[in-house]
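below: sequence and its predicted model.
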Amino acid sequence: MALYSASHYACQGGYCAYLGCQSASECTAAFQKSNYACGTVQGSSIPTCYETCNAPADCATAGVALYSASHYACNGNQCDYLGCQSSSECTAAFQKSNYACGSVQGSPVPTCYETCNAPADCATAGVTLYSASHWACNADQCDYLGCQSSSECTAAFQKSNYACH
């Protein structure tokens with residue numbers, strides 16, 4: 001995919017650093033929609049593909065409640081997602097009763113999150129990177145703790161150049 005070719009990365013300190021999109025044309029090609037542009041957006045320091053708009057309805061995804069026009073603002077011709085509006089739309093979207101809508105660390109808007117009583121409630125069976133030992137349950141929210149070793153990353157992505165950092 002053009003957005004992830006070698007020219008979109010730099011090797012910094014032994015790690016691959018994504019440099020972002022390079023043109024609106026690669027964004028329109030990647031998303032197969034003519035209303036995409038490439039530039040910096042709020043919360044990001046690298047150029048990012050974003051959807052342009054004249055009204056919130058231009059941003060909506062038909063038939064998906066979490067992404068209806070009422071979930072967007074159109075500011076400076078840029079679609080700004082306003083977040084979830086209720087826990088019921090999160091449980092419907094994820095088809096699991098333990099989802100809620102609220103504040104999540106690192107997100108500027110209300111976000112759907114998985115609730116828990118213990119880290120095991122957050123785990124994905126059979127996926128080492130998402131086993132119970134990779135989660136904490138804080139204030140009824142699943143908090144991902146990250147990878148624990150480079151070997152589990154190389155195994156998960158089946159590539160020897162993956163590292164846990």
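Here it is on my side, so go on. Numbering: from 1, shown residues only.

where does the residue nearest the centre of the chain land in three-state SS?
Nearest to the geometric centre of the chain sits Ser107, at 10.1 Å (C-alpha atoms, centre = their mean). Here Ser107 is recorded as coil under DSSP: H, G, I helix; E, B strand; the rest coil.

quick one: buried residues of stretch 15-32?
For stretch 15-32, burial by neighbour count (16 or more other C-beta atoms under 10 Å) applies to Cys21, Ala24, Glu26, Cys27, Thr28, Ala30. Placement of C-beta: from N, CA and C, glycine included.

do you know how far the residue nearest to the centre of the chain is from Ala125?
Distance, Ser107 to Ala125, using C-beta to C-beta, to the nearest Å: 26 Å.

start from the N-terminal end of this protein and give the strands.
Here the chain has its strands, by DSSP state E, at 9-12, 15-18, 36-39, 48-51, 72-75, 78-81, 99-102, 111-114, 135-138, 141-144.

Pro110 against Ser86, yeah?
No - contact between Pro110 and Ser86 fails when scored by C-beta atoms under 8 Å: they sit 9.2 Å apart.

who has more neighbours out of the two?
Legend: neighbour count by other C-beta atoms under 10 Å for Pro110 and Ser86, higher for Pro110 (19 against 13).

list the contacts of the more buried one.
Residues near Pro110 by C-beta atoms under 8 Å, 6 or more residues apart in numbering: Leu82, Gly83, Cys84, Gln85, Cys101, Gly102, Ser103.
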